[in-house]
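Visitor: build me a model:
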Amino acid sequence: MKHYNNNGINILLEKMPKTPRMSVSFFFKVNKKEKYYGINSLLARLLLQGTKKYSANELALAFENECIDITTKAKQDYIKLSLVFLNEDFNQAMELVKDLILNSTFDDFEKEIFKIKGEIISDLDNPKMKLTDTFVKSIFKEHPYSSTHTKILEDLDKIKKEDIIEAHQELFKTFKSIVVVGDYENDEKMIEFFTTNFDFMKSFETNDEIKDIQNNKTEDEIIKITKNDAQQAQIIQGWLVDSFNSELSAKYALLNNILGSSGLSSRLFVNLRDKQGLAYTVRSQYETLLHGAIFNMYIGTAPINIKKSLEGFKLELEKLAQTPPSEEEMQGAKENIQGRLKYFTQNNSQIAAVDGYNFMMGLGLDYNEKFMEEIRQTSAQDVSEMAKKLLNLPKLIAIIAPQEFLDKI
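Guide: Next up, the predicted model:
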């Protein structure tokens, strides 16, 4: 993929000959804390709910008639509009998305708030979702990343249409990019098209008001959530760690793969689920964001096995800390990570998403290659050191279970 900056517009192009459908994504960096939790999510949804020219129904019909798939997404670090369409429909797709970005009316914001409330309440009925919500807002306490379902629910009624309009205007003052992957004529004509027709996508280098997360925890913390009708206990144990812009990122990624993200072959799965029968579900996760990251382990188990599961988490880390993984295990983990990267960059839409994200996060368009080289250079001893590091970091544990079992912890 090639990056061009023409008149301040970041244009990323990847020509993919003989592919019938083109992918175009518009990225807007989030660099300010929301006035109220949920504004960016609401804004992303409202961008598809009507413009000065088209009603929501007319827009839906226009996209359907042209076979244009369009999605909007609000994440912690960016807002994105993505389109996939037949190559010959490029001009129509760009006309529609330009109208969405510039002329959305946000008239249906009260109806959309009502819908979001219903979805959140329904989601929080799920014990695992409730547990994750509590864990995330606690580990990211007082940081914009703590914008979880419960926090959004608390703020939704405070949001006015003027707040949405203000957040929309902020999009034009931040760092932006356009990512195109598909079978187009040539780079020069694509650059000319966007420079002429999308001047509002000019990027501005503004100060990022969202700061890196500081891990100020000095001791372990445990949060207990009572759900007396729960048939199983669910546990998340996690740490604030270094993100993708750290030299430790590849090491954490390999530890995660060996410990619990590689499915049936991972240590948590084999030792806690297969050998001990503790888990219905068990895994680990390394989630990286621009200003911080989380490394966590999750298990769903019988309530009577809560202590045993927590001991199992600790034991698996201790084993890796004391004895580095074998070369065979390391090679399998490295191949698994490489395979996943290839799997998630198979089509035009995936390539646009991955490369666009890497560019927006300041990682560079060659980040995947650099990351895989770091993976290849990581040793078994490095993975062992990461396990030791986690054992010495203060951790957060969140558990949802019937009260009688929580009382025994």
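
Visitor: pull out the buried positions in the helix or strand in which F63 is found.
Guide: Per DSSP states H and E: F63 is located in helix 56-65. Neighbour-count burial for helix 56-65, counted by 16 or more other Cβ atoms under 10 Å, picks out 56, 59, 62-63. Bear in mind the C-beta positions are built from the backbone N, C-alpha and C, glycine included.

Visitor: same thing with stretch 234-247?
Guide: 234-244.

Visitor: next, S147: phi, psi?
Guide: S147 adopts backbone torsions of phi -70, psi 80, taken as degrees, to the nearest 10.

Visitor: without its sequence neighbours, what residue ends up closest to it?
Guide: Sequence neighbours aside, Y37 is the residue nearest to S147 in space, at 4.6 Å (criterion: Cβ to Cβ, 6 or more residues apart in numbering).

Visitor: and if you look at A353?
Guide: In space, A353 is closest to S25, 6.7 Å off (Cβ to Cβ, 6+ apart).

Visitor: so the one you found is in contact with K80, correct?
Guide: Yes - using Cβ atoms under 8 Å, S25 is in contact with K80, at 5.8 Å.

Visitor: looking at the two, which one has more neighbours?
Guide: The residue with more neighbours, out of S25 and K80, is S25; 24 against 21, by other Cβ atoms under 10 Å.

Visitor: which residues touch that one?
Guide: 80-83, 178-179, 352-353, 356 (Cβ atoms under 8 Å, 6 or more residues apart in numbering).

Visitor: please identify which pair of the residues you listed lies farthest apart.
Guide: Farthest-apart pair in these is I178 and A353; separation 13.4 Å (Cβ to Cβ).

Visitor: going along the chain, name the strands of the stretch 1-150 of the chain.
Guide: All strands of the stretch 1-150 of the chain, identified by DSSP state E, counting those that start in this stretch, fall at 2-6, 9-15, 21-29, 69-74, 78-86.

Visitor: which SSE is E162 in?
Guide: helix 161-171.

Visitor: tell me which residues of that helix are tucked away?
Guide: By 16+ other Cβ under 10 Å, the buried positions in helix 161-171 come out as 163-164, 167-168, 170-171.

Visitor: export these to TSV and append columns for pLDDT and distance to L391.
Guide: Shown next, in TSV, are the buried residues of helix 161-171 (pLDDT from 0 to 100; distance: Cβ to Cβ, whole Å):
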residue	pLDDT	distance to L391
D163	97	44
I164	96	46
A167	96	42
H168	97	46
E170	93	42
L171	93	43
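
Visitor: can you add pLDDT and distance to L268 and give the contacts of S25 back as CSV?
Guide: Putting the contacts of S25 into CSV (pLDDT from 0 to 100; distance: Cβ to Cβ, whole Å) gives the following:
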residue, pLDDT, distance to L268
K80, 98, 32
L81, 97, 37
S82, 98, 34
L83, 97, 39
I178, 98, 41
V179, 98, 36
A352, 96, 33
A353, 96, 28
G356, 97, 32
